[in-house]
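Colleague: Here you go, sequence then predicted model.
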Amino acid sequence: MQSQQWLHRASVLLGCSQVKPLIAEFLDGLAVELPLEMPFLLLPTIDGRELDVVATQPAFSQSIASGVKWAVDDFEHPFSHALQSQKTMILDHDTLLYWQGHSGFMALTLNMKKDQHLVIYPLNNDKGAILGILVLALPESMAMTLVMRQDWQSFVAVFTRHWQLLESIRTQDREQSLLSDSIVLIRKDKFDKEQAEQLSHTLVGCSELMQSLRKDIIRVGQSELAVMIQGQTGTGKELVAQGVHDYSKRKDQPFIAINCAAIPDNLLESELFGYEKGAFSGADSAKKGLIAAADGGSLFLDEIGDMPLLLQTKLLRVLESRQFRALGAAKETQSNFRLIVASHVDLKHKSRTGEFRQDLFYRLCQFPISIPALKDRASDLPELVTHFIHRFNASQERHVPGIRFSALDRLLRHDYPGNVRELRNIVEYACALTLDGQEIDLGALPTLDIESENMAFKRQLNAEVESVSSGISASLMSHFDEIDDLKEAVSQFERAVIEARLIAFSGDRGRAADSLGLPKRTLAHKCIKLEIS
Ligand SMILES: Nc1ncnc2c1ncn2[C@@H]1O[C@H](COP(=O)(O)OP(=O)(O)OP(=O)(O)O)[C@@H](O)[C@H]1O
């Protein structure tokens with residue numbers, strides 16, 4: 001073969017933009033230009049333990065590779081020697097016999113003609129590391145001369161350099177795309193955190209329950225799933241529904257809310273679906289229903305458990321088809337709304353007893369959210385109190401700076417059957433009775449139904465304190481008889497009191513110190529001494 005042909009082949013190789021076609025082009029070129037049967041390459045596997053066979057015809061590579069492992073540390077075959085020495089090996093017919101102990105190699109060379117030599121040619125990158133091994137069966141006359149020829153060596157150098165270049169582009173591309181994937185993930189995570197932080201200004205509470213509730217709201221806001229909110233009265237179901245809407249793509253569209261329990265059954269249908277003029281006696285003009293009004297936005301059906309069964313059937317149809325017909329209308333209309341429902345009763349139970357349609361229940365329950373009662377998240381209470389004081393100040397143009405610990409302590413001992421709404425009312429009442437510039441005192445609180453036997457909040461708070469202080473605190477008082485180190489017992493008690501107070505004030509050391517009658521520096525010093533983080 002002439003130098004010009006190698007040059008032409010080299011230029012074809014340079015046109016390849018990916019490694020696989022490059023190798024195929026290289027091997028095909030050899031098969032065409034040289035009098036040989038089937039050249040192939042051996043490439044190290046990713047773990048570097050074996051050599052993989054790469055030939056242009058899959059059947060050929062399979063026949064070489066079938067069941068054969070070309071382990072790099074198996075010196076029974078000559079390829080591992082070529083790998084180690086990085087030197088070209090040319091095996092004549094007699095030398096081949098020496099390697100017949102390796103069954104795979106024996107099968108590979110079985111059909112070689114007597115005058116053929118096997119050329120094992122390591123391909124290095126420019127740093128001297130092995131890229132692969134080229135294997136050729138050539139007539140004796142050519143084997144030696146070919147590998148010595150300058151044009152052949154240049155051709156192979158073009159092939160290996162281009163191979164290396166494509167590999168490094170591929171690695172760069174992969175790294176680039178990994179980098180941009182992680183940047184997207186980091187940005188998304190940061191965005192979600194920022195949104196959750198923003199939501200914490202309206203949906204207040206630092207307890208883990210509230211934090212995960214806010215995360216759920218942000219997560220589901222980005223989807224189109226139907227949301228079912230369950231929680232006792234006054235726990236903030238409407239606030240959560242509003243949050244789902246505000247943090248969704250529909251936030252600039254209407255948020256339409258209706259309380260199914262507050263509207264008589266016979267009116268609920270016309271409220272939802274609307275009606276045409278003359279649809280029933282008294283329908284003097286047409287009225288748009290709430291389903292139509294929610295088009296593009298969100299429809300919030302509060303107390304869905306109170307919806308009559310017949311209307312449930314109609315609602316299910318609307319959800320399936322996104323179409324509805326106003327009362328007395330001839331045609332169906334479309335509305336693209338996202339449904340959010342809430343209930344203070346256990347709808348699953350109602351669906352089992354037949355009071356609520358089971359198919360509707362499952363259709364509505366695509367993303368269930370459960371809001372815990374206030375008494376089950378005592379650590380939220382101080383922050384909620386502060387929030388309601390701020391809200392009161394802003395709406396009434398007043399200046400109540402905060403609440404005294406004795407008053408907060410009283411609030412912590414109430415059970416709140418009316419949940420956050422009840423707390424809000426109590427705080428607003430107390431604010432109204434407190435003079436500007438003064439903190440809310442015990443005297444400003446309404447009479448609260450406090451059962452000393454049943455101090456739900458205290459119990460909850462103690463449980464939280466116990467969990468942070470390795471269970472040393474609350475039980476201490478009941479084990480006076482067991483105390484054998486007074487100093488240690490006093491330290492434990494002191495630590496438990498400070499920890500409880502820090503929890504009560506959401507970690508605000510200034511307020512905790514105030515409430516304990518200590519200077520802030522003294523409290524800080526005690527925290528270090530008692531190892532309170
Ligand atoms: N986590 C919270 N942060 C701030 N305010 C809250 C929170 N939870 C509830 N509220 C306030 O408590 C009051 C009652 O909330 P909301 O109306 O959302 O409760 P609900 O569960 O829908 O009540 P109902 O079952 O009676 O319809 C509202 O003023 C609301 O702003």
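Modeller: Yep, it's here. This one's a predicted model, so the numbers in the text were calculated from it and none came from an experiment. Residues are numbered from 1 along each chain as shown.

Colleague: Find the closest residue to the ligand in this structure.
Modeller: Gly236 (2.7 Å; CB to the nearest ligand atom). The way it works is simple: take the backbone N, C-alpha and C, and place the C-beta from them, glycine included.

Colleague: which residues does that residue contact?
Modeller: Going by CB atoms under 8 Å, 6 or more residues apart in numbering, Gly236 touches Leu203, Ile371, Asn419, Val420.

Colleague: Do you know the pLDDT at it?
Modeller: Predicted confidence (pLDDT) for Gly236: 95.

Colleague: For burial, what's the neighbour tally of Leu83?
Modeller: Number of residues near Leu83 (other CB atoms under 10 Å) recorded here: 19.

Colleague: A helix includes it, no?
Modeller: Yes. Looking at Leu83 with DSSP: H, G, I helix; E, B strand; the rest coil, it is inside a helix.

Colleague: My understanding was that it contacts Asn124; is that so?
Modeller: No. With contact defined as CB atoms under 8 Å, Leu83 does not count as touching Asn124 (11.0 Å).

Colleague: what residues do those two have in common as contacts?
Modeller: Counting by CB under 8 Å, 6+ apart, the common neighbours of Leu83 and Asn124 are Ile130.

Colleague: ok, Glu238 touching Ile258?
Modeller: No. Glu238 is beyond contact range of Ile258, at 11.0 Å (criterion: CB under 8 Å).

Colleague: what is in contact with the two at once?
Modeller: Phe300, Asp302.

Colleague: what's the closest non-adjacent residue to Gly104?
Modeller: Val68 (3.3 Å; CB to CB, 6 or more residues apart in numbering).

Colleague: now swap in Leu134 and tell me
Modeller: Closest to Leu134 by CB to CB, 6+ apart is Tyr121, at 4.3 Å.

Colleague: list the contacts for Phe505?
Modeller: With CB under 8 Å, 6+ apart, Phe505 has these contacts: Pro382, Arg511, Ala512, Ser515.

Colleague: let's go with 7 Å and repeat that
Modeller: Pro382, Arg511, Ala512 (CB atoms under 7 Å, 6 or more residues apart in numbering).

Colleague: Just confirm the residue nearest to Gly104 is within a strand.
Modeller: No. Under three-state DSSP, Val68 falls outside any strand and is assigned coil.

Colleague: Filter the contacts of Phe505 down to the buried ones, ChimeraX style.
Modeller: To isolate the buried ones among these in ChimeraX, judged by 16 or more other CB atoms under 10 Å, type:
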select :382,511,512
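
Colleague: if you look at the contacts of Phe505, which of them are in helices?
Modeller: Here DSSP state H is the test, and the contacts of Phe505 give Pro382, Arg511, Ala512 as lying in helices.

Colleague: Reformat those residues as CSV; add pLDDT.
Modeller: Formatted as CSV, the ones in helices among the contacts of Phe505 follow (pLDDT from 0 to 100):
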residue, pLDDT
Pro382, 93
Arg511, 81
Ala512, 82
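
Colleague: Now the element after the helix or strand bottoming out on mean pLDDT in the chain, going C-ward?
Modeller: Of all helical and strand segments in the chain, the minimum by mean pLDDT, DSSP states H and E falls on helix 456-468, at a mean of 53. Scanning forward in sequence from helix 456-468 by DSSP states H and E, the next helix or strand is helix 486-504.

Colleague: tell me which strands and helices that following helix is in contact with?
Modeller: Judged by 3 or more CB pairs under 7 Å, 6 or more residues apart in numbering; DSSP states H and E, helix 486-504 is in contact with helix 456-468, helix 509-515, helix 520-529.

Colleague: switch the cut-off to 10 Å
Modeller: Judged by 3 or more CB pairs under 10 Å, 6 or more residues apart in numbering; DSSP states H and E, helix 486-504 is in contact with helix 381-396, helix 405-412, helix 456-468, helix 509-515, helix 520-529.

Colleague: low-scoring stretches of the stretch 251-400 of the chain, by residue?
Modeller: Within the stretch 251-400 of the chain, the set of residues satisfying pLDDT under 70 is empty.

Colleague: got the residues of it near the ligand?
Modeller: Taking CB under 6 Å from any ligand atom as the contact definition, the stretch 251-400 of the chain meets the ligand at Asp302, His344, Leu384, His387.

Colleague: Reformat those as TSV; add neighbour count.
Modeller: Shown next, in TSV, are these (neighbours: other CB atoms under 10 Å):
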residue	neighbour count
Asp302	21
His344	19
Leu384	21
His387	21
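
Colleague: one step back: hmm, Leu131 and the residue nearest to Leu134 touching each other?
Modeller: No. Tyr121 lies out of contact with Leu131 (CB atoms under 10 Å); the separation is 11.4 Å.

Colleague: okay, and the common contacts of those two?
Modeller: Taking CB atoms under 10 Å, 6 or more residues apart in numbering as the criterion, Tyr121 and Leu131 both touch Leu41.

Colleague: Looking at those two, which one has more neighbours?
Modeller: Set Tyr121 next to Leu131 and count neighbours by other CB under 10 Å: Tyr121 wins out with 20 against 17.

Colleague: Can you give me the pLDDT of that one?
Modeller: 92.

Colleague: what's it sitting at in phi/psi?
Modeller: For Tyr121, the backbone dihedrals are phi -120, psi 100 (criterion: degrees, to the nearest 10).

Colleague: And the one 5 residues further on, by the same measure?
Modeller: Backbone torsions for Asp126, taken as degrees, to the nearest 10, come to phi -70, psi -10.

Colleague: Let me see the contact set for it.
Modeller: Counting by CB under 10 Å, 6+ apart, Asp126 has contacts Ala157, Thr160, Arg161, Gln164.

Colleague: Can you add secondary structure and give these back as CSV?
Modeller: CSV is the format used below for the contacts of Asp126 (three-state DSSP):
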residue, secondary structure
Ala157, helix
Thr160, helix
Arg161, helix
Gln164, helix
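
Colleague: rewinding a little: determine which two of the contacts of Gly236 are furthest apart.
Modeller: Within the contacts of Gly236, Leu203 and Asn419 form the most distant pair, 13.5 Å apart (CB to CB).

Colleague: Give me the common contacts of those two.
Modeller: Gly236, Ile371.

Colleague: before we move on, back to that, so which of Glu238 and Ile258 has more stuff around it?
Modeller: Ranked by neighbour count (other CB under 10 Å), Glu238 and Ile258 place Ile258 first, with 19 against 16.

Colleague: For the more buried one, list each beta-bridge partner.
Modeller: Leu301 (DSSP bridges).
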